[in-house]
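**Q** any chance you could fold what I've pasted below:
(chains A and B)
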Protein chains: 2
Amino acid sequence: MVKKTEMNPKSKLREIGLNLVNYIKKGENPFLDIPIRALSNVIFDPHTNLIKMGDKTAKRYLFNVAHIRKFVQTIDAAAISKRLLEENKHVSLRQVYYMMKGTLSGSGVEVVSDGDEGQTESNKAVEDLELITGLTREQLNINAKKLGSVAGKVIIEDGGDTIDWSKQGSGGWSVPSNVENIKFKKVNAKFVLYMEKDAIWERLNEDKVWNKLDCVIIASQGQATRGIRRLLQRMSDELRLPIYVLADFDPWGFYIYSVLKFGSIALSHISDRLAIPKAHYLGLTADDVEKYELTKYVIKFKDVDIKRLKEVSEYEWFKNRKEWQRQFQLMNKIKGKVELDALVTKGVSFISEKYIPEKIKSVDVLN
Amino acid sequence: MVKKTEMNPKSKLREIGLNLVNYIKKGENPFLDIPIRALSNVIFDPHTNLIKMGDKTAKRYLFNVAHIRKFVQTIDAAAISKRLLEENKHVSLRQVYYMMKGTLSGSGVEVVSDGDEGQTESNKAVEDLELITGLTREQLNINAKKLGSVAGKVIIEDGGDTIDWSKQGSGGWSVPSNVENIKFKKVNAKFVLYMEKDAIWERLNEDKVWNKLDCVIIASQGQATRGIRRLLQRMSDELRLPIYVLADFDPWGFYIYSVLKFGSIALSHISDRLAIPKAHYLGLTADDVEKYELTKYVIKFKDVDIKRLKEVSEYEWFKNRKEWQRQFQLMNKIKGKVELDALVTKGVSFISEKYIPEKIKSVDVLN
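**A** Predicted coordinates:
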């Protein structure tokens, strides 16, 4: 199983490099031990409640015509990361692609292909580097997507600035792609509310929910970015704050919760650094649809929704969770989804004044 | 031509309502005069450099079976907006859809249809309300998409908070969907840099470009949101700051610039409140590709790119701009695009230390 490295990233990269040099000095064929990225090597660990990568690895050799291209790409990614760590600068995956494209110029050999194919190659090289080092690309100074806003009763320090999340007006603080260097300075929040939709976040921020309920509100449009997942995880682990996930009543809302809590198959190798096993579901349930008289606002399922519901309900990590299975069954009966936005029909601030405070009291049911 | 209203939104809505009541009192068929949303009613005004809506209007009557549904939807949108203005609260278009869905319950008549069709209807009703009132939906307390980050030498006041854009760490301040109520308190910036990509923004922010060059940096992923466009416009109009647009060398980058500067056909009725006629292009040009030796990083055009280039080059507002026509021709020769990200091959901070300072000196050429 891929273990998260506590070693400092520069030392870890140095260690990998020295290993390769040693093979060369001994006249051996240098190789990298790379955990296998395949469904067959992904497991759900019921003890930690995390989707994790198993312990199968494959050797990748320098002197092997089938391996050498990927070998060089991975080492080039390591060299780029080392340079970034030394310069104390960060770049994006797209920028890494360009940096790799330039590397062996002059030799006549291109490290990566042109266009989309080359981007896929350099992305994989960075992922391989994560696998080999046990570090996230963020720790290797390679940033992911930037998205999302946060507001609430927390003061942080970041890049030399002290930032009070409770004094950010209507916009909030913009969550960076990389949250590794944020320091929590003062925490007056009792919990964290994560939501999928910016429009809900703006509604809650306008009502200053975070002030009334002493909490933090955070959102990114759609699936949570890595930056947001890691920030939530840090607030769960380091600040011991409960993380509540506000999602729509539909298979996609449930899936958002699933990824936040248990991790995902695609990023199973870094669940340790992204997943939040203590997350609670605070989104709409079949019971809420009845309780808050939302039946009128049910949007009928399309075939794709029914298919998705089946898939989600069969995930190993939901199998033994009775209350979730009950929700899946009820959703299957309703055969439709209900959005949090529909709560606006009960009053513009109903979600802030009624729904959230009421739900939090009964939050232990679904997790 | 739709004129922007300087009247306060509540008074404007009241005026429209009173007009309708007067028709009813006089026993006449109430109607709304709605500017026609069609390409035939969109003009480019070479004096203001704006794409604007023409002065063709159509009457929409209450007592007309072909009109009544849309008539009621538009009035319902007005009623919802009035309520929001009175409560001093904002909602999204999705939330307006739900609020409209509930309105005539009991009468057996649904104001809007179910699902996507209903969403289209309520969206159109809000757009019609913009057309009738000469106000933007933001002024009517109906918010658009929230996206983007800003950092730099400006201090604002928003929602009772004083926010210093130069003390926002690695994240920046998150731009709200609605920037109408932001007050500029202190401005030490000499210009504004807008860019399409968050990854470029993060690069520039890490290099603290805004500190070295005394400016503001602002980005939203993809096409600029209405909130960002309006914020840029306000900085251009109220603060008299030059707005520089950093875009890729491709038809889509040129189009981003075109929308920011001249407005767009889809939102031609509110160009007055969104477009920035004084914007300058600071993105990559054919000359830059040569000067910075980026030929190696040209990504070959697909058919769709060639088609888009032709379309953009034929826009009326580009027709008499010689320097732009020269760029279109050169791009047509290169038959490929070059991304700003490719500058990273010259050094991680090349864009901050060389490209931007050099370009600003020669910025008057392309606008």
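**Q** quick one, strands of the stretch 251-367 of chain A?
**A** Ranges of strands in the stretch 251-367 of chain A, per DSSP state E, counting those that start in this stretch, are A:280-281, A:299-300, A:336-337.
**Q** reformat the ones you listed as a markdown table; add mean pLDDT, distance to residue A:50 and mean neighbour count.
**A** In short, each C-beta sits where N, CA and C put it, glycine included. Formatted as a markdown table, these follow (pLDDT from 0 to 100; distance: least, C-beta to C-beta, whole Å; neighbours: other C-beta atoms under 10 Å in any protein chain shown):
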| stretch | mean pLDDT | distance to residue A:50 | mean neighbour count |
| --- | --- | --- | --- |
| strand A:280-281 | 96 | 16 | 22 |
| strand A:299-300 | 94 | 33 | 14 |
| strand A:336-337 | 96 | 28 | 20 |
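**Q** out of the ones you listed, nearest to chain B?
**A** Closest to chain B of the strands of the stretch 251-367 of chain A, according to C-beta to the nearest C-beta: strand A:299-300, at 5.8 Å.
**Q** just put the strands of the stretch 251-367 of chain A in CSV and tack on distance to chain B.
**A** Formatted as CSV, the strands of the stretch 251-367 of chain A follow (distance: least, C-beta to the nearest C-beta, whole Å):
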stretch, distance to chain B
strand A:280-281, 22
strand A:299-300, 6
strand A:336-337, 10
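**Q** and for residue A:212, the neighbour number?
**A** By the criterion of other C-beta atoms under 10 Å in any protein chain shown, residue A:212 has 13 neighbours.
**Q** now it, nearest residue through space, not along the chain?
**A** residue A:352 (7.5 Å; C-beta to C-beta, 6 or more residues apart in numbering or on different chains).
**Q** surely that neighbour is in contact with residue A:204?
**A** Yes - here residue A:352 reaches residue A:204: they are 5.7 Å apart, a contact under C-beta atoms under 8 Å.
**Q** which of those two has more neighbours?
**A** Neighbour count, other C-beta under 10 Å: between residue A:352 and residue A:204, residue A:204 has more, with 25 against 21.
**Q** need the helix or strand of chain A with the lowest average pLDDT.
**A** Between all helices and strands in chain A, the lowest mean by mean pLDDT, DSSP states H and E belongs to helix A:93-103, at a mean of 89.
**Q** hmm, who's touching that helix?
**A** A:73, A:76-77, A:79-80, A:91, A:110-112, A:118-119, A:121-123, A:125-126, A:137, A:142-144, B:199, B:203, B:296-297, B:339, B:341-342, B:344-345 (C-beta atoms under 8 Å, 6 or more residues apart in numbering or on different chains).
**Q** okay, and which of these map to strands?
**A** Using DSSP state E, the members of the contacts of helix A:93-103 that fall in strands are A:91, A:142, A:143.
**Q** so where's chain A uncertain?
**A** By pLDDT under 70, the weakly predicted segments of chain A are A:1-6, A:102-106, A:363-365.
**Q** now with 80, please.
**A** Counting by pLDDT under 80, chain A has low-confidence residues at A:1-6, A:102-108, A:362-367.
**Q** mind giving me the domain split of it?
**A** Domains of chain A are assigned by automatic domain parsing as A:9-143, A:149-361.
**Q** winner for burial among those domains?
**A** domain A:149-361 (a mean of 20; mean count of other C-beta atoms under 10 Å in any protein chain shown).
**Q** what does the stretch 151-300 of chain A put close to chain B?
**A** Within the stretch 151-300 of chain A, the positions adjacent to chain B are A:156-163, A:167-178, A:181-182, A:198-199, A:201-203, A:206-207, A:221, A:296-297, A:299-300 by C-beta under 8 Å from any C-beta of the partner chain.
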